[in-house]
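K.L.:
turn this into a structure:
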Amino acid sequence: MKPTTAAVIVVALQQFILCARLSAQAGQPVPATQIVNQMLQAETAAWKGRQHFLYKSEERSNRTNGRLWDELVVETSDGSMQRLISEDGKPLSGNQRVAEDQRIKYLADHPGEFRRKAQKRNEDEARMPKLLREIPSIFLFRTLDSVGDYTRIAYQPNPSFHEESYQDRVVHAMAGVLIIHKPDMRLSELDAHLEHKVEFGFGILGVLRDKTSLSLVREEVSAGQWTTTKLRFHLDGSVLLLKTILRDLDSSRYGFKTVAHDLKVAEAASIVCSNTF
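P.N.:
Numbers count the residues shown, from 1 in each chain. Below you'll find the predicted structure:
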């Protein structure tokens, strides 16, 4: 009987895994590109079944006008509902609490407005699977070392990669280090910086300078669920000759609790208003 395509694939995968194990046992290091590909496969699969959470967030950024905001955040399929709890370590005043209540009530009563405000973030997230697929062709990888369950891999631009968009151009100019948790093949840490200035429209439309950088830390916050717990970036550049961009963000997230995946906007509003954490 002729084997099915599925059976052939299963056998091939089994042989691939066996060869990788035998190579490791024989003292032959697994190539960095292979480790990155396995990590990306695990991240892509996890992306489709990711859980939503309620958590606390501390952030200092342009959004917070340079102040330290302590917020309660609940995730929904339409975006994240946030409630400001304190500012620079001080509880909100009575007027500030009233303003937050009114803002959140308005969003609960106007879910279309909530979705509109979250649209850019949702669009960025929708592009993530495509970016993950392109990473092996965008960069060249080199294993630095392995300590315990973690492997550090350096990456730099692949000169043969053909850029097709502004996003490609920015990502392709990045270099840095990945830290991968090998038992789960999940991304644990990432550091990135621009290796050189990136211009758009010969600098007329905009430019990003080589001081631009990004770092993040990811942790397993529930069984099989990894998410970003620390994020820091500095975006240095100008756009359309008129607007100077100097964007900084430093945020931490903690105290993760799972919530229903199908939360409505009004339900998310009720959670952040009634939950004292």
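
K.L.:
which stretches in the stretch 101-250 of the chain count as strands?
P.N.:
Along the stretch 101-250 of the chain, the stretches classed as strands by DSSP state E, counting those that start in this stretch are 139-147, 150-157, 174-181, 186-194, 198-200, 206-208, 213-222, 225-239, 243-259.

K.L.:
put the alpha carbons of the second one into PDB.
P.N.:
Only the C-alpha atoms of strand 150-157 are listed here, as PDB (Å, rounded to 0.1, in the frame of the first residue of the first chain):
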ATOM      1  CA  TYR A 150      19.400  28.800  27.500                       C
ATOM      2  CA  THR A 151      21.300  29.400  24.300                       C
ATOM      3  CA  ARG A 152      22.500  32.800  23.200                       C
ATOM      4  CA  ILE A 153      22.500  33.400  19.400                       C
ATOM      5  CA  ALA A 154      23.900  36.500  17.700                       C
ATOM      6  CA  TYR A 155      22.300  37.800  14.500                       C
ATOM      7  CA  GLN A 156      23.200  40.300  11.900                       C
ATOM      8  CA  PRO A 157      21.800  41.400   8.500                       C
END
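
K.L.:
what is the orientation angle of that strand with strand 139-147?
P.N.:
160 degrees (axes from the mean of the first three to the mean of the last three CA atoms, to 10 degrees).

K.L.:
who are the packing partners of strand 150-157?
P.N.:
Using 3 or more CB pairs under 8 Å, 6 or more residues apart in numbering; DSSP states H and E as the contact test, the elements touching strand 150-157 are helix 32-48, strand 139-147, strand 174-181. Any C-beta I mention is one placed from the backbone N, CA and C, and that applies to glycine too.

K.L.:
flag every buried residue along the first one.
P.N.:
Of the residues in helix 32-48, 32-33, 35-36, 38-40, 42-43, 46 count as buried by neighbour count, 16 or more other CB atoms under 10 Å.

K.L.:
repeat for stretch 165-172
P.N.:
Neighbour-count burial for stretch 165-172 flags 170-172 (criterion: 16+ other CB under 10 Å).

K.L.:
ok, stretch 220-233 next?
P.N.:
Applying 16+ other CB under 10 Å to stretch 220-233 flags 221, 225-227, 229-233 as buried.

K.L.:
farthest-apart pair in these, please.
P.N.:
Maximum pairwise distance among the buried residues of stretch 220-233 (CB to CB): 23.2 Å, between Q225 and F233.

K.L.:
of all the helices and strands packed on strand 150-157, which lies closest to R67?
P.N.:
Going by CB to CB, the one of these nearest R67 is strand 174-181, 29.0 Å.

K.L.:
that'll do, ta.
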